[in-house]
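Participant: This is a predicted model, with the sequence first.
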Amino acid sequence: MMQKDMKLMKELNTLNSIRISGIISESIVDGKGIRYVIFTQGCYLKCKNCHNYSSQDIFGGYLKNLDEIVEEFKSDPLLQGITLSGGEPSIQAKECAYLAKKAHELSLDVYLYSGYYYDDLLATNNIDILNLLNACDYLVDGPYIEDEKSLLLTFRGSSNQRIIDLNKTRLTNKLVLVNLDIKY
């Protein structure tokens, strides 16, 4: 299904643009530090009580020029990085990879949120998805599961979701998880 979704999204997008549901120019809840958050449009997972329900409709949201987005996050000296969230960013993997690479050129780190697990993203063998993963520093993976909801989790909504240090994972060729959860 992911391949079909990506094809449809490419048909909907115009050259050098991405379909988004919105942007938060400064956030402290979508990764470490102050972050510029891009909420991509389109997701077929339909997680129960999704916190971003309006981003699910593949035909919703609006198109925004990729370079305009880059100029926006480039102009904020307070940012530690950008976050690619959704919807499901892997549907627009090529466009998201472009944004991630531009962020790295500015010495910003990149968080990627996906409703798919890391192994499932790798298993697609889709070059755009693999390029996206290679362009990101951290991946918060897995669908939101209402029965595993916890307010004690950092940067996640349910306990099945993981924060993966993609740089260390690539370096060691072993999955390296980050634990930022608050201890009481």
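Facilitator: Yep, that arrived. The model shown is predicted, which means the values in this text are computed figures rather than measured ones.
Participant: Mind listing residues that contact the biggest strand by length in the chain?
Facilitator: What stands out as the longest strand in the chain, according to DSSP state E, is strand 17-27. Residues lying outside strand 17-27 but in contact with it, judged by CB atoms under 8 Å, 6 or more residues apart in numbering, are 9, 12-13, 30, 34-42, 52, 54-55, 60-66, 69, 72-73, 76, 78-79, 83, 86-87, 92, 95-96, 99. For every residue, glycine as well, the C-beta is placed using N, CA and C.
Participant: can we see that at 7 Å?
Facilitator: Strand 17-27 is touched from outside by 9, 12-13, 34-42, 54-55, 60-66, 72, 76, 78, 87, 92, 95, with contacts defined as CB atoms under 7 Å, 6 or more residues apart in numbering.
Participant: Please, a PyMOL command that selects the buried ones among the residues you listed?
Facilitator: Selection of the buried residues among the contacts of strand 17-27 in PyMOL, burial being defined by 16 or more other CB atoms under 10 Å:
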select buried, resi 9+12+13+35+36+37+38+39+40+41+42+55+61+64+66+87+92+95
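Participant: Which ones among the contacts of strand 17-27 lie within strands?
Facilitator: Counting by DSSP E, the contacts of strand 17-27 place Arg35, Tyr36, Val37, Ile38, Phe39, Thr40, Tyr62, Leu63, Lys64, Asn65 in strands.
Participant: Return the residues in contact with the last one.
Facilitator: Right, Asn65. Listed by CB under 7 Å, 6+ apart, the contact partners of Asn65 are Asn16, Ser17.
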